[in-house]
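K.L.:
Sequence first, predicted model second:
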Amino acid sequence: MTAAATASQPITPDLRRWIVEQAGAGVAAPALIQAMRRSGWNEDVAIAAVEQVLREHLQEHAARQAQPAGVPVPEPALGDSPLFLDAGDRQVQVLMRMEQPRIVLLGGLLSPEECEALIAAARPRMARSLTVATATGGDEVNDDRTSDGMFFQRGENEIVQRLEERIARLVRWPVENGEGLQVLHYRPGAEYKPHYDYFDPAEPGTATITRRGGQRVATLVIYLNDPIKGGGTNFPDVSLEVAPCRGNAVFFSYDRPHPGTRTLHGGAPVIEGEKWIATKWLREREFK
């Protein structure tokens, strides 16, 4: 689409430089596209041009920084700036999006009844949360993560299967590439300090972990209740905090296991009340 769309309105060096400079100054892609439309660009051509320039710029930046090569990642269909996305059995609202890092805030991914059902199914199976130990390839208790949690097997019950199919359609990624859905419970004071979800290639256990589906390439954090105070999902590299509102979700993807993706994130301490979330990690390939 990009080459054909931009054939009649080519991307000049001046235009490329302007797009990169504006994006570097924090101007979001929709504002860039709107400015181009005011200058006479066709909307579809402007969208394609912005996507092409920013993608090439990130690839060039990664090469200069000796970062690992990027891979395809899950991606909602956001090219025409929709207000809602078709998730099959549900229309999901697009509340906010960011290009770098790739972050999308989704409204109404789950109904209140579905949130309650997930909590009820998970509650009897909760235990102290573990993290993946990339040094060994196993699991371990981590002082940075002070929640309780459990995993559902993929497709374990009707509501889990329904949610997995909804997510797969929403982000255009196969169901079988997803890890099992994890439900987490944070009491007052509990938190998860900032971390990356990909597996560090320099760690000796990463080769063992990635045999089951390759690297993680995207995360979906789904809020199952409303804490009274605290508990937001924060992204320190871009000074962003997402409030935990029941039924909403924050999606972010990372096309290489490198801090340059700017996907450092954490769960802020719960100040009052409690927080329940469901986390879905997506892999490069089928997760077995």
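P.N.:
Perfect, thanks for sending it. What you are looking at is a predicted structure, and each value in this text was computed from that prediction instead of being measured.
K.L.:
Which residue is the nearest non-sequential neighbour of the one residue sitting closest to the centre of the chain?
P.N.:
Geometric centre of the chain, nearest residue: Phe252, 1.6 Å, by Cα atoms, centre = their mean. Distance criterion Cβ to Cβ, 6 or more residues apart in numbering; nearest residue to Phe252, sequence neighbours excluded, is Ile103 at 4.6 Å. For glycine as for every other residue, the C-beta is placed from the backbone atoms N, C-alpha and C.
K.L.:
So what does that neighbour look like in phi/psi?
P.N.:
Backbone dihedrals for Ile103, given as degrees, to the nearest 10, come out at phi -130, psi 130.
K.L.:
Tell me who's in contact with it.
P.N.:
Met96, Arg97, Phe235, Val238, Leu240, Val250, Phe251, Phe252 (Cβ atoms under 8 Å, 6 or more residues apart in numbering).
K.L.:
If it is in a bridge, with which residues?
P.N.:
Met98, Phe252 (DSSP bridges).
K.L.:
Tell me the span between the first and last residue of stretch 132-146.
P.N.:
14 Å (Cα to Cα, to the nearest Å).
K.L.:
Please renumber the chain so that the first residue is 23 from this point on.
P.N.:
With 23 as the first residue, the last one maps to stretch 154-168.
K.L.:
which intervals of this structure have sub-threshold pLDDT?
P.N.:
By pLDDT under 70, the weakly predicted segments of the chain are 23-30, 81, 83-90, 155, 159-160.
K.L.:
go again using 50 as the cut-off
P.N.:
Low-confidence segments of the chain (pLDDT under 50): 23-29.
K.L.:
Quickly list the domain ranges of it.
P.N.:
Using automatic domain parsing, the domain parsing of the chain gives 24-86, 106-305.
K.L.:
Kindly present those as CSV, with separate columns for distance to Ala99.
P.N.:
As requested, these are exported to CSV (distance: least, Cβ to Cβ, whole Å):
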stretch, distance to Ala99
domain 24-86, 12
domain 106-305, 7
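K.L.:
Please identify the deepest-packed of these.
P.N.:
Highest mean neighbour count of the domains of the chain: domain 106-305, a mean of 18 (counted as mean count of other Cβ atoms under 10 Å).
K.L.:
quick one: Glu294 and Gly252 touch, right?
P.N.:
Yes: here Glu294 reaches Gly252: they are 6.8 Å apart, a contact under Cβ atoms under 8 Å.
K.L.:
can you give me the helices in this protein?
P.N.:
Using DSSP state H, the helices assigned to the chain run over residues 24-27, 35-46, 51-60, 65-86, 134-144, 180-193, 228-231.
K.L.:
Out of the ones you listed, flag the one nearest Ser103.
P.N.:
Evaluated over the helices of the chain, closeness to Ser103 peaks at helix 51-60, with 5.3 Å, by Cβ to Cβ.
K.L.:
Packing partners of that closest one?
P.N.:
For helix 51-60, the elements it packs on are helix 35-46, helix 65-86, judged by 3 or more Cβ pairs under 8 Å, 6 or more residues apart in numbering; DSSP states H and E.
K.L.:
can you redo those helices as a markdown table with distance to Met172?
P.N.:
Below are the helices and strands packed on helix 51-60 laid out as a markdown table (distance: least, Cβ to Cβ, whole Å):
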| stretch | distance to Met172 |
| --- | --- |
| helix 35-46 | 40 |
| helix 65-86 | 36 |
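K.L.:
In contact with Ile189: list those residues for me.
P.N.:
Shown in contact with Ile189 (Cβ under 8 Å, 6+ apart): Ala109, Leu131, Trp195, Gly200, Leu242, Lys302.
K.L.:
make it 6 Å
P.N.:
By Cβ atoms under 6 Å, 6 or more residues apart in numbering, the residues touching Ile189 are Lys302.
K.L.:
same check, this time on Arg238
P.N.:
Neighbouring residues of Arg238 by Cβ under 6 Å, 6+ apart: Asp219, Tyr220, Trp303, Arg305.
K.L.:
could you redo the last one with a cut-off of 10 Å?
P.N.:
Shown in contact with Arg238 (Cβ atoms under 10 Å, 6 or more residues apart in numbering): 154, 201, 218-221, 231-232, 275-276, 279, 303-306, 309.
K.L.:
Also Arg60?
P.N.:
Contacts for Arg60 were tallied using Cβ under 10 Å, 6+ apart; they are Ala68.
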